[in-house]
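**Q** Provided below for reference: sequence and predicted model.
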Amino acid sequence: MEAHLTVGRVAGLTGVTVRTLHHYDEIGLVRPSARTGAGHRAYSAADVARLRAVLAYRRLGFGLREVADLVDDPSADAVGRLHRLRGVLLEQRDRAAAMVTAIDRELEGRAMGTTPAGARLYETIGSAYPATRRTEPRIAAQVWAALGDARTVLNVGAGTGSYEPADRDVTAVEPSEVMRAQRPRDAARCVAARAERLPFPDRSFDAAMAFSTVHHWQDPVAGLREMRRVARRVVVFTHDAGDSAWRQRFWLTRDYLPEAAGLVAGRPPVHELARAIGARITPVLIPWDCADGFFEAYWRRPEAYLDEAARRAVSVWARVGPEAERRAVGEIRADLASGRWAARNPELAALDAAELGLRLLVA
Ligand SMILES: C[S@@+](CC[C@H](N)C(=O)[O-])C[C@H]1O[C@@H](n2cnc3c(N)ncnc32)[C@H](O)[C@@H]1O
(Lines give C-alpha, C1' and ligand atoms only; values in the text may rest on other atoms or scores of the structure.)
Protein backbone atom coordinates (compact mmCIF):
# COMPACT_ATOMS: atom_id res chain seq x y z
CA MET A 1 0.00 0.00 0.00
CA GLU A 2 1.20 3.55 -0.88
CA ALA A 3 2.82 5.46 1.99
CA HIS A 4 1.04 8.63 3.04
CA LEU A 5 2.40 11.61 4.94
CA THR A 6 0.70 13.55 7.69
CA VAL A 7 0.02 17.24 7.26
CA GLY A 8 2.74 18.07 9.81
CA ARG A 9 5.30 15.99 7.92
CA VAL A 10 4.37 17.63 4.59
CA ALA A 11 4.65 21.07 6.18
CA GLY A 12 8.11 20.16 7.48
CA LEU A 13 9.22 18.84 4.08
CA THR A 14 8.01 21.78 2.00
CA GLY A 15 8.42 24.69 4.37
CA VAL A 16 4.78 25.83 4.33
CA THR A 17 2.65 26.10 7.44
CA VAL A 18 0.01 23.56 8.42
CA ARG A 19 -2.49 26.41 8.23
CA THR A 20 -1.59 27.05 4.57
CA LEU A 21 -1.98 23.34 3.81
CA HIS A 22 -5.42 23.36 5.43
CA HIS A 23 -6.34 26.40 3.33
CA TYR A 24 -5.11 24.78 0.11
CA ASP A 25 -7.23 21.76 0.97
CA GLU A 26 -10.31 23.87 1.68
CA ILE A 27 -10.10 25.73 -1.65
CA GLY A 28 -9.35 22.52 -3.56
CA LEU A 29 -5.86 23.52 -4.64
CA VAL A 30 -4.00 20.63 -2.97
CA ARG A 31 -6.33 18.01 -1.53
CA PRO A 32 -4.79 15.07 0.35
CA SER A 33 -5.97 11.95 -1.45
CA ALA A 34 -6.59 9.97 1.75
CA ARG A 35 -7.51 10.26 5.38
CA THR A 36 -6.14 8.23 8.28
CA GLY A 37 -8.41 6.00 10.33
CA ALA A 38 -8.77 8.90 12.77
CA GLY A 39 -9.84 11.22 9.91
CA HIS A 40 -6.55 13.14 9.63
CA ARG A 41 -5.22 14.36 6.26
CA ALA A 42 -2.87 11.91 4.53
CA TYR A 43 -0.79 13.10 1.54
CA SER A 44 0.38 10.74 -1.19
CA ALA A 45 3.60 11.27 -3.20
CA ALA A 46 1.46 12.66 -6.06
CA ASP A 47 -0.20 15.13 -3.64
CA VAL A 48 3.22 16.32 -2.49
CA ALA A 49 4.38 16.66 -6.12
CA ARG A 50 1.28 18.80 -6.88
CA LEU A 51 2.00 20.88 -3.78
CA ARG A 52 5.57 21.47 -4.96
CA ALA A 53 4.28 22.61 -8.37
CA VAL A 54 1.84 24.97 -6.62
CA LEU A 55 4.62 26.40 -4.48
CA ALA A 56 6.91 26.87 -7.50
CA TYR A 57 4.20 28.92 -9.30
CA ARG A 58 3.49 30.90 -6.13
CA ARG A 59 7.18 31.76 -5.87
CA LEU A 60 7.02 33.13 -9.41
CA GLY A 61 4.26 35.46 -8.24
CA PHE A 62 1.09 33.84 -9.65
CA GLY A 63 -2.17 34.26 -7.75
CA LEU A 64 -3.95 31.20 -6.30
CA ARG A 65 -6.58 31.03 -9.04
CA GLU A 66 -3.97 31.11 -11.82
CA VAL A 67 -1.90 28.51 -10.00
CA ALA A 68 -4.98 26.27 -9.88
CA ASP A 69 -5.47 26.65 -13.66
CA LEU A 70 -1.84 25.86 -14.32
CA VAL A 71 -1.62 22.73 -12.16
CA ASP A 72 -5.06 21.43 -13.21
CA ASP A 73 -4.49 21.84 -16.93
CA PRO A 74 -1.06 20.80 -18.19
CA SER A 75 -1.88 22.37 -21.61
CA ALA A 76 -2.37 25.83 -19.98
CA ASP A 77 -0.12 28.42 -21.57
CA ALA A 78 2.51 28.74 -18.81
CA VAL A 79 4.96 30.61 -21.04
CA GLY A 80 2.38 33.21 -22.04
CA ARG A 81 1.37 33.66 -18.41
CA LEU A 82 4.99 34.05 -17.35
CA HIS A 83 5.43 36.80 -19.94
CA ARG A 84 2.35 38.60 -18.64
CA LEU A 85 3.53 38.20 -15.06
CA ARG A 86 6.95 39.51 -16.02
CA GLY A 87 5.32 42.64 -17.46
CA VAL A 88 3.38 43.19 -14.23
CA LEU A 89 6.55 42.75 -12.16
CA LEU A 90 8.49 45.23 -14.33
CA GLU A 91 5.71 47.76 -13.78
CA GLN A 92 5.91 47.16 -10.03
CA ARG A 93 9.69 47.54 -10.15
CA ASP A 94 9.41 50.88 -12.01
CA ARG A 95 6.80 52.08 -9.53
CA ALA A 96 9.08 51.10 -6.63
CA ALA A 97 12.06 52.89 -8.24
CA ALA A 98 9.95 56.04 -8.67
CA MET A 99 8.92 55.81 -5.01
CA VAL A 100 12.56 55.43 -3.92
CA THR A 101 13.44 58.57 -5.93
CA ALA A 102 10.55 60.49 -4.34
CA ILE A 103 11.65 59.35 -0.87
CA ASP A 104 15.25 60.43 -1.61
CA ARG A 105 13.97 63.89 -2.61
CA GLU A 106 11.90 64.12 0.53
CA LEU A 107 14.89 63.07 2.68
CA GLU A 108 17.12 65.63 0.94
CA GLY A 109 14.50 68.33 1.46
CA ARG A 110 14.23 67.44 5.15
CA ALA A 111 18.02 67.42 5.55
CA MET A 112 18.12 70.89 4.04
CA GLY A 113 15.12 72.39 5.84
CA THR A 114 14.07 75.51 3.98
CA THR A 115 16.47 76.50 1.18
CA PRO A 116 19.01 78.85 2.78
CA ALA A 117 19.29 82.40 1.39
CA GLY A 118 22.87 81.77 0.16
CA ALA A 119 21.67 78.82 -1.90
CA ARG A 120 18.63 80.74 -3.20
CA LEU A 121 21.06 83.34 -4.59
CA TYR A 122 22.85 80.60 -6.51
CA GLU A 123 19.54 79.35 -7.89
CA THR A 124 19.44 82.72 -9.66
CA ILE A 125 23.06 83.47 -10.53
CA GLY A 126 24.50 79.92 -10.55
CA SER A 127 24.11 79.27 -14.29
CA ALA A 128 26.76 81.95 -15.00
CA TYR A 129 29.24 80.33 -12.63
CA PRO A 130 31.13 77.81 -14.78
CA ALA A 131 32.11 80.43 -17.40
CA THR A 132 34.92 81.87 -15.27
CA ARG A 133 35.00 79.90 -12.01
CA ARG A 134 37.42 77.03 -11.93
CA THR A 135 40.18 75.51 -9.82
CA GLU A 136 43.21 77.77 -9.40
CA PRO A 137 46.02 75.20 -9.19
CA ARG A 138 48.35 77.22 -6.92
CA ILE A 139 45.64 77.79 -4.34
CA ALA A 140 44.35 74.23 -4.76
CA ALA A 141 47.84 72.93 -3.93
CA GLN A 142 47.67 74.75 -0.57
CA VAL A 143 44.19 73.39 0.18
CA TRP A 144 45.16 69.83 -0.76
CA ALA A 145 48.37 70.01 1.29
CA ALA A 146 46.27 71.15 4.27
CA LEU A 147 44.04 68.07 3.82
CA GLY A 148 47.11 66.03 4.80
CA ASP A 149 46.71 62.28 4.44
CA ALA A 150 42.89 62.44 4.45
CA ARG A 151 41.48 59.72 2.24
CA THR A 152 37.79 60.60 2.60
CA VAL A 153 36.95 64.27 2.10
CA LEU A 154 33.66 66.14 2.44
CA ASN A 155 33.40 69.28 0.29
CA VAL A 156 30.79 71.63 1.79
CA GLY A 157 29.20 74.32 -0.41
CA ALA A 158 30.79 72.40 -3.25
CA GLY A 159 29.22 74.25 -6.16
CA THR A 160 30.30 72.84 -9.49
CA GLY A 161 33.15 70.82 -7.96
CA SER A 162 36.15 73.17 -8.19
CA TYR A 163 39.02 72.28 -5.83
CA GLU A 164 37.82 68.72 -5.26
CA PRO A 165 40.98 66.58 -5.09
CA ALA A 166 40.88 63.85 -7.73
CA ASP A 167 43.06 61.46 -5.75
CA ARG A 168 40.75 61.21 -2.70
CA ASP A 169 37.32 59.80 -2.01
CA VAL A 170 35.20 62.97 -2.12
CA THR A 171 31.59 63.50 -1.08
CA ALA A 172 30.09 66.89 -1.91
CA VAL A 173 27.35 68.88 -0.17
CA GLU A 174 25.58 71.59 -2.17
CA PRO A 175 22.14 73.10 -1.43
CA SER A 176 21.58 74.78 -4.81
CA GLU A 177 19.99 72.56 -7.44
CA VAL A 178 21.30 74.82 -10.23
CA MET A 179 24.86 74.36 -8.96
CA ARG A 180 24.44 70.61 -8.46
CA ALA A 181 23.15 70.24 -12.02
CA GLN A 182 26.32 71.85 -13.39
CA ARG A 183 28.72 69.43 -11.77
CA PRO A 184 30.66 67.41 -14.34
CA ARG A 185 29.34 63.90 -14.94
CA ASP A 186 32.39 62.34 -13.34
CA ALA A 187 32.40 64.67 -10.31
CA ALA A 188 32.11 63.30 -6.79
CA ARG A 189 28.66 62.28 -5.55
CA CYS A 190 26.78 65.31 -4.27
CA VAL A 191 24.22 65.46 -1.47
CA ALA A 192 21.61 68.23 -1.29
CA ALA A 193 22.13 69.64 2.18
CA ARG A 194 23.51 72.71 3.90
CA ALA A 195 26.53 73.30 6.07
CA GLU A 196 24.53 74.11 9.18
CA ARG A 197 22.88 70.66 9.13
CA LEU A 198 25.18 68.07 7.62
CA PRO A 199 23.36 64.75 7.19
CA PHE A 200 26.29 62.60 8.33
CA PRO A 201 27.17 60.88 11.61
CA ASP A 202 30.06 62.15 13.77
CA ARG A 203 33.54 61.51 12.38
CA SER A 204 32.29 60.18 9.01
CA PHE A 205 35.18 61.74 7.05
CA ASP A 206 38.92 62.14 7.42
CA ALA A 207 38.61 65.80 6.41
CA ALA A 208 35.99 68.41 5.50
CA MET A 209 36.76 71.36 3.22
CA ALA A 210 34.83 74.50 2.29
CA PHE A 211 36.04 76.82 -0.45
CA SER A 212 34.73 80.31 -0.97
CA THR A 213 31.34 79.50 0.54
CA VAL A 214 31.33 80.29 4.28
CA HIS A 215 30.31 83.92 3.65
CA HIS A 216 27.08 82.63 2.10
CA TRP A 217 26.05 80.51 5.07
CA GLN A 218 23.23 81.69 7.27
CA ASP A 219 25.17 80.66 10.38
CA PRO A 220 28.87 80.27 9.55
CA VAL A 221 29.89 79.23 13.07
CA ALA A 222 27.21 76.52 13.18
CA GLY A 223 28.34 75.28 9.75
CA LEU A 224 31.99 75.13 10.78
CA ARG A 225 31.07 73.25 13.97
CA GLU A 226 29.14 70.78 11.83
CA MET A 227 32.24 70.26 9.67
CA ARG A 228 34.26 69.72 12.84
CA ARG A 229 31.68 67.19 14.06
CA VAL A 230 31.73 65.06 10.91
CA ALA A 231 35.47 65.21 10.16
CA ARG A 232 38.80 64.87 11.94
CA ARG A 233 40.30 67.78 10.01
CA VAL A 234 38.75 70.97 8.65
CA VAL A 235 40.13 73.16 5.85
CA VAL A 236 38.39 76.41 4.93
CA PHE A 237 39.25 79.04 2.33
CA THR A 238 37.52 82.34 3.03
CA HIS A 239 38.15 86.06 3.33
CA ASP A 240 38.62 88.07 6.47
CA ALA A 241 35.36 89.97 6.86
CA GLY A 242 36.58 91.65 10.02
CA ASP A 243 39.67 93.19 8.42
CA SER A 244 38.81 96.89 8.05
CA ALA A 245 42.05 97.45 6.12
CA TRP A 246 40.72 95.07 3.47
CA ARG A 247 38.48 97.74 1.98
CA GLN A 248 41.45 100.07 1.57
CA ARG A 249 43.79 97.35 0.33
CA PHE A 250 41.83 96.41 -2.76
CA TRP A 251 41.39 99.22 -5.30
CA LEU A 252 38.05 97.82 -6.49
CA THR A 253 36.33 98.25 -3.12
CA ARG A 254 38.36 101.33 -2.17
CA ASP A 255 37.82 103.40 -5.31
CA TYR A 256 34.85 101.97 -7.16
CA LEU A 257 32.62 99.67 -5.12
CA PRO A 258 32.55 100.69 -1.44
CA GLU A 259 29.15 98.91 -1.25
CA ALA A 260 31.05 95.60 -1.21
CA ALA A 261 32.31 96.37 2.28
CA GLY A 262 28.71 96.72 3.46
CA LEU A 263 27.98 93.16 2.39
CA VAL A 264 30.30 91.74 5.03
CA ALA A 265 28.99 93.98 7.82
CA GLY A 266 27.83 91.84 10.71
CA ARG A 267 29.58 88.70 9.46
CA PRO A 268 31.84 87.05 12.03
CA PRO A 269 35.50 88.05 11.59
CA VAL A 270 37.85 85.29 10.54
CA HIS A 271 39.49 84.92 13.95
CA GLU A 272 36.04 84.21 15.42
CA LEU A 273 35.47 81.52 12.80
CA ALA A 274 38.89 80.06 13.54
CA ARG A 275 38.25 80.07 17.28
CA ALA A 276 34.97 78.18 16.82
CA ILE A 277 36.86 75.18 15.44
CA GLY A 278 40.32 75.71 16.92
CA ALA A 279 41.87 76.53 13.54
CA ARG A 280 45.12 78.27 12.68
CA ILE A 281 44.92 81.00 10.03
CA THR A 282 47.28 81.35 7.08
CA PRO A 283 47.12 84.20 4.50
CA VAL A 284 46.67 83.07 0.90
CA LEU A 285 48.16 85.33 -1.77
CA ILE A 286 46.24 85.72 -5.00
CA PRO A 287 48.40 85.17 -8.09
CA TRP A 288 48.17 87.95 -10.69
CA ASP A 289 46.82 85.52 -13.28
CA CYS A 290 44.47 83.63 -10.91
CA ALA A 291 42.51 81.04 -12.91
CA ASP A 292 39.46 81.16 -10.63
CA GLY A 293 37.51 84.32 -11.36
CA PHE A 294 36.38 85.18 -7.81
CA PHE A 295 35.86 88.79 -6.75
CA GLU A 296 39.52 89.62 -6.05
CA ALA A 297 40.96 87.47 -8.85
CA TYR A 298 41.52 90.25 -11.40
CA TRP A 299 43.37 92.67 -9.12
CA ARG A 300 46.11 93.14 -11.77
CA ARG A 301 43.81 92.74 -14.77
CA PRO A 302 41.24 95.53 -14.22
CA GLU A 303 39.81 95.21 -17.76
CA ALA A 304 38.34 91.87 -16.68
CA TYR A 305 35.84 93.70 -14.45
CA LEU A 306 34.38 95.26 -17.61
CA ASP A 307 33.44 91.79 -18.80
CA GLU A 308 29.79 91.06 -18.00
CA ALA A 309 30.37 87.27 -17.95
CA ALA A 310 33.17 87.61 -15.38
CA ARG A 311 30.95 89.74 -13.14
CA ARG A 312 27.93 87.43 -13.44
CA ALA A 313 29.95 84.57 -11.93
CA VAL A 314 30.62 86.58 -8.74
CA SER A 315 27.86 87.03 -6.16
CA VAL A 316 29.13 90.44 -4.96
CA TRP A 317 27.97 92.09 -8.19
CA ALA A 318 24.47 90.66 -7.85
CA ARG A 319 24.30 91.63 -4.19
CA VAL A 320 25.33 95.28 -4.56
CA GLY A 321 22.59 95.73 -7.15
CA PRO A 322 22.54 96.96 -10.77
CA GLU A 323 22.89 100.64 -9.96
CA ALA A 324 26.14 100.32 -8.00
CA GLU A 325 27.39 97.88 -10.61
CA ARG A 326 26.68 100.23 -13.52
CA ARG A 327 28.35 103.12 -11.73
CA ALA A 328 31.46 101.13 -10.71
CA VAL A 329 31.94 99.58 -14.14
CA GLY A 330 31.47 102.95 -15.84
CA GLU A 331 34.08 104.55 -13.62
CA ILE A 332 36.59 101.72 -14.08
CA ARG A 333 36.14 101.94 -17.86
CA ALA A 334 36.69 105.69 -17.83
CA ASP A 335 39.74 105.48 -15.54
CA LEU A 336 41.35 102.76 -17.65
CA ALA A 337 40.85 104.87 -20.77
CA SER A 338 42.21 108.05 -19.17
CA GLY A 339 45.18 106.36 -17.46
CA ARG A 340 43.87 107.30 -14.04
CA TRP A 341 43.61 103.68 -12.86
CA ALA A 342 47.28 103.06 -13.75
CA ALA A 343 48.31 106.30 -12.07
CA ARG A 344 46.45 105.33 -8.88
CA ASN A 345 47.87 101.81 -8.73
CA PRO A 346 51.46 102.01 -9.94
CA GLU A 347 52.78 99.34 -7.54
CA LEU A 348 50.58 96.55 -8.91
CA ALA A 349 52.35 96.05 -12.23
CA ALA A 350 55.44 94.71 -10.44
CA LEU A 351 53.52 92.33 -8.13
CA ASP A 352 53.06 88.65 -8.97
CA ALA A 353 50.75 87.90 -6.05
CA ALA A 354 48.68 90.08 -3.74
CA GLU A 355 47.55 89.87 -0.11
CA LEU A 356 43.86 90.76 -0.29
CA GLY A 357 42.56 89.29 2.97
CA LEU A 358 42.02 85.73 1.77
CA ARG A 359 42.73 83.12 4.42
CA LEU A 360 43.13 79.39 4.87
CA LEU A 361 41.78 78.03 8.17
CA VAL A 362 43.05 74.61 9.17
CA ALA A 363 41.81 72.72 12.21
C1 LIG B 1 31.06 80.90 -4.47
S2 LIG B 1 30.24 79.37 -4.54
C3 LIG B 1 31.63 78.29 -4.22
C4 LIG B 1 31.44 76.95 -4.83
C5 LIG B 1 32.69 76.06 -4.77
N6 LIG B 1 33.09 75.78 -3.41
C7 LIG B 1 33.80 76.68 -5.56
O8 LIG B 1 34.82 77.01 -4.96
O9 LIG B 1 33.65 76.82 -6.76
C10 LIG B 1 29.33 79.29 -3.01
C11 LIG B 1 28.47 78.04 -2.85
O12 LIG B 1 27.98 77.96 -1.51
C13 LIG B 1 26.69 77.40 -1.56
N14 LIG B 1 25.94 77.67 -0.32
C15 LIG B 1 25.15 78.72 -0.02
N16 LIG B 1 24.63 78.59 1.21
C17 LIG B 1 25.11 77.42 1.72
C18 LIG B 1 24.93 76.73 2.96
N19 LIG B 1 24.18 77.22 3.93
N20 LIG B 1 25.57 75.55 3.11
C21 LIG B 1 26.37 75.05 2.13
N22 LIG B 1 26.56 75.68 0.96
C23 LIG B 1 25.94 76.84 0.74
C24 LIG B 1 26.07 78.05 -2.78
O25 LIG B 1 24.93 77.37 -3.24
C26 LIG B 1 27.25 78.03 -3.75
O27 LIG B 1 27.26 76.88 -4.54
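**A** Done, it's in.

**Q** How about V329: what's its closest non-neighbour residue?
**A** Nearest residue to V329 in three dimensions, chain neighbours excluded: L306, at 6.2 Å (CB to CB, 6 or more residues apart in numbering). From N, CA and C alone the C-beta is placed, and that goes for glycine too.

**Q** The ligand versus the one you found, what's the distance?
**A** Look at L306 and the ligand: by CB to the nearest ligand atom, to the nearest Å, they are 21 Å apart.

**Q** wait, what's in contact with that residue?
**A** Taking CB atoms under 8 Å, 6 or more residues apart in numbering, we find L306 in contact with 329, 332-333, 336.

**Q** For stretch 124-141, buried residues please.
**A** Across stretch 124-141, burial judged by 16 or more other CB atoms under 10 Å covers 125-126, 128-130, 132-136, 139-140.

**Q** repeat for stretch 346-354
**A** For stretch 346-354, using 16+ other CB under 10 Å, the buried residues are 348, 354.

**Q** cool, and stretch 19-36?
**A** Quick answer for stretch 19-36 (16+ other CB under 10 Å): 20-21, 24-25, 29-30, 32.

**Q** mind checking the end-to-end distance for it?
**A** Counting by CA to CA, to the nearest Å, you get 19 Å between the two ends of stretch 19-36.

**Q** swap in stretch 198-208?
**A** Stretch 198-208 has an end-to-end distance of 11 Å (criterion: CA to CA).

**Q** what's the answer for stretch 153-160, then?
**A** OK, stretch 153-160 end separation, CA to CA: 16 Å.

**Q** any bit of it sitting next to the ligand?
**A** Yes: applying CB under 6 Å from any ligand atom, one finds stretch 153-160 touching the ligand at 156-160.

**Q** how distant is that stretch from the center of its chain?
**A** Counting by CA atoms, centre = their mean, to the nearest Å, stretch 153-160 is centred 8 Å from the centre of its parent chain.

**Q** mean confidence for it?
**A** The average pLDDT within stretch 153-160 is 98.

**Q** Which residues are in contact with N155?
**A** Counted by CB under 8 Å, 6+ apart, N155 has contacts 161, 163-164, 170-173, 188, 208-211.

**Q** That one and R344, how far apart?
**A** N155 sits 38 Å away from R344, going by CB to CB, to the nearest Å.

**Q** show me where this structure has strands.
**A** Ranges of strands in the chain, per DSSP state E, are 5-6, 34-35, 41-43, 152-156, 169-173, 189-191, 205-211, 231-239, 280-283, 286-287, 353-354, 358-362.

**Q** For the last one, name the packing helices and strands.
**A** Secondary structure elements in contact with strand 358-362, counted by 3 or more CB pairs under 8 Å, 6 or more residues apart in numbering; DSSP states H and E, are helix 137-146, strand 231-239, helix 270-277, strand 280-283.

**Q** related to what we said a few turns ago, now distance to G223 too, for the strands of the chain, in JSON lines please.
**A** Rendered in JSON lines, the data for those read as follows (distance: least, CB to CB, whole Å):
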{"stretch": "strand 5-6", "distance to G223": "68"}
{"stretch": "strand 34-35", "distance to G223": "75"}
{"stretch": "strand 41-43", "distance to G223": "68"}
{"stretch": "strand 152-156", "distance to G223": "7"}
{"stretch": "strand 169-173", "distance to G223": "10"}
{"stretch": "strand 189-191", "distance to G223": "15"}
{"stretch": "strand 205-211", "distance to G223": "8"}
{"stretch": "strand 231-239", "distance to G223": "10"}
{"stretch": "strand 280-283", "distance to G223": "17"}
{"stretch": "strand 286-287", "distance to G223": "24"}
{"stretch": "strand 353-354", "distance to G223": "28"}
{"stretch": "strand 358-362", "distance to G223": "12"}
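
**Q** How many residues are close by the closest residue to L198 other than its chain neighbours?
**A** Once flanking residues are discounted, L198 sits nearest to E226: 4.5 Å by CB to CB, 6+ apart. By other CB atoms under 10 Å, the residues close to E226 number 26.

**Q** Quick check, pLDDT for E226.
**A** 97.

**Q** Compute the distance between it and the ligand, please.
**A** On the measure of CB to the nearest ligand atom, E226 and the ligand end up 9 Å apart.

**Q** So that residue sits against E196, correct?
**A** Yes: the criterion here is CB atoms under 8 Å, and E226 meets it with E196 at 6.3 Å.

**Q** Could you verify my assumption that A119 touches S176?
**A** Yes: between A119 and S176 there is a contact under CB under 8 Å: 4.4 Å.

**Q** farthest-separated two in the contacts of N155?
**A** For the contacts of N155, the maximum inter-member distance is 15.6 Å, found between G161 and A208 (CB to CB).

**Q** Of those two, which one has the most company?
**A** More neighbours surround A208 than the other of G161 and A208, with 32 against 22 (other CB under 10 Å).

**Q** residue contacts, G242?
**A** Taking CB under 8 Å, 6+ apart, we find G242 in contact with 267-272.

**Q** sorry, back to before: quick check, nearest of the buried residues of stretch 124-141 to R81?
**A** Minimum distance to R81 across those is 52.2 Å, recorded for G126 (CB to CB).

**Q** For that closest one, give its distance to I332.
**A** Separation of G126 from I332 (CB to CB): 25 Å.

**Q** what number of residues lie near V7?
**A** Per other CB under 10 Å, the neighbour tally for V7 reads 17.

**Q** Tell me how many other residues surround the nearest residue to it once chain neighbours are set aside.
**A** Leaving aside its sequence neighbours, V7 sits nearest to R41 (CB to CB, 6+ apart; 4.6 Å). R41 has 21 neighbouring residues, counting by other CB under 10 Å.
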